[in-house]
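>>> coords please:
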Amino acid sequence: MVMPDYIKKSLTIDCKAVTDYIIERLREYLEFSRKDGGIVGVSGGIDSAVTATLLAKATDNFFILLMPSSSTPKVDLEDSFTIVKMLKAENKYKLINIDEIVKLFGDNVETNDKLILGNIKARTRMILLYAYAQKLNYLVVGTGDKSELLLGYFTKYGDGGVDVLPIGDLYKTQVRMLGKCLGLPERIVTKPSSPALWEGQTAEGELGIDYETIDSILYLRFDEMRSENEISEMLGLPLDVIKRVDRLVKTSQHKRLPPEIFRLSGRAINSDWRFPRRWA
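Okay, here's the model as predicted:
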């Protein structure tokens, strides 16, 4: 679907204002957290490229981890090195192939399931990022965008396990706009998004909807608070598509929240006390 002009105009960003704001907030957050800098995992995709570029503009104290696996496309690794070179970070990066670590987990779990192994890859990367962050006294700077965060299209305690999300309030289409303004290579700006947790994986292929359609639905549903029926009419899309996106947001809510705590404080708990049935 081609994004309607009305939504395209609504999602058009002032690149300089957004860049300046994120840089300022990153600097403030680093100072507030009493950390010396930030570390980011670069995958060769648009989100990590934009995040790394903004981090490098915010501080000289940044570090990049490249963590490919056997399912990482060659072009992604090439594009990751392009970002390292662009940011003059030849002495500020580390390449770690995670296949051996993932295999060790897979062998111990006794599984070849690609989804399980894919999530192990994401969580392995999180562990490495936090290990380096602790070593350097840095923050882990996340690369998730608003589209993926809302849809729950990330691994809980994997790429979702970070300290700060600088582009977390920008839809995927807005991140692409920002990447273009930041002078990132066209190949990275327009590349189909993929976590590359298994061969041939793409975000749009897995979701079954392109990002212009996704962002249009998300914007109308959660920024303008329009009903599913209204969005279906406005975009000329089947109601089932709108409901599917809405369902993805609702069922992934647990990923965006801290773990549920069953509150007991202040209650007289004894053998005669009965717990209230919250969902009755």
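
>>> what about the helices in this protein?
All helices of the chain, identified by DSSP state H, fall at 5-11, 15-33, 46-58, 74-86, 99-109, 114-136, 146-151, 172-181, 186-190, 203-207, 211-218, 228-235, 239-251, 253-256.

>>> what's the angle between the longest one and helix 99-109?
Comparing the axes of helix 114-136 and helix 99-109 via axes from the mean of the first three to the mean of the last three CA atoms, to 10 degrees yields an angle of 120 degrees.

>>> outside of helix 114-136, which residues touch it?
Outside helix 114-136, the residues that touch it by CB atoms under 8 Å, 6 or more residues apart in numbering are 36-37, 39-41, 63, 65, 67, 69, 71, 94, 96, 98, 101-102, 105-106, 109, 111, 138-140, 154-155, 157-159, 161-163, 195, 197-198, 201. Where you see a C-beta, it was placed from the backbone N, CA and C, and this is true even at glycine.

>>> Mark which of those are buried, thanks.
Burial by neighbour count, 16 or more other CB atoms under 10 Å: within those this picks out 37, 39-41, 63, 65, 67, 69, 71, 98, 101-102, 105-106, 138-140, 154-155, 158-159, 161-163, 195, 197.

>>> which helices and strands sit right next to the helix or strand of the chain with the lowest mean pLDDT?
Lowest on mean pLDDT, DSSP states H and E among the helices and strands of the chain sits helix 203-207, with a mean of 74. Judged by 3 or more CB pairs under 8 Å, 6 or more residues apart in numbering; DSSP states H and E, the packing partners of helix 203-207 are helix 211-218.

>>> what about A131, neighbour count?
Residues lying near A131 (other CB atoms under 10 Å) number 12.

>>> same question but for K121, I mixed them up
Per other CB under 10 Å, the neighbour tally for K121 reads 29.

>>> for L150, what are its contacts?
Taking CB under 8 Å, 6+ apart, we find L150 in contact with 218, 222, 249, 252.

>>> And the buried ones among those residues, selectable in PyMOL?
Command for PyMOL that selects the buried part of these, burial taken from 16+ other CB under 10 Å:
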select buried, resi 218+249+252
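
>>> ok, the contacts of L150 vs S232, which is closest?
Proximity of those to S232 (CB to CB) peaks at L218, which lies at 14.2 Å.

>>> Does that closest one touch V245 like I think?
Yes. Between L218 and V245 there is a contact under CB atoms under 8 Å: 6.8 Å.

>>> intersection of neighbour lists for those two?
Jointly contacting L218 and V245 under the rule CB under 8 Å, 6+ apart are L151.

>>> Bridged to the closest residue to S33 other than its chain neighbours, which residues?
Nearest residue to S33, sequence neighbours excluded (CB to CB, 6 or more residues apart in numbering): L139, at 5.8 Å. Counting by DSSP bridges, L139 forms beta bridges with G38.

>>> which ones are touching the closest residue to V2 other than its chain neighbours?
Among residues not flanking V2 along the chain, E212 sits closest, at 6.8 Å (CB to CB, 6+ apart). Going by CB under 8 Å, 6+ apart, E212 touches 1-3, 173.

>>> a markdown table for the contacts of L150, including pLDDT and distance to L178?
Formatted as a markdown table, these follow (pLDDT from 0 to 100; distance: CB to CB, whole Å):
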| residue | pLDDT | distance to L178 |
| --- | --- | --- |
| L218 | 97 | 17 |
| F222 | 97 | 20 |
| V249 | 97 | 23 |
| S252 | 97 | 24 |
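
>>> Perfect, I'm done here.
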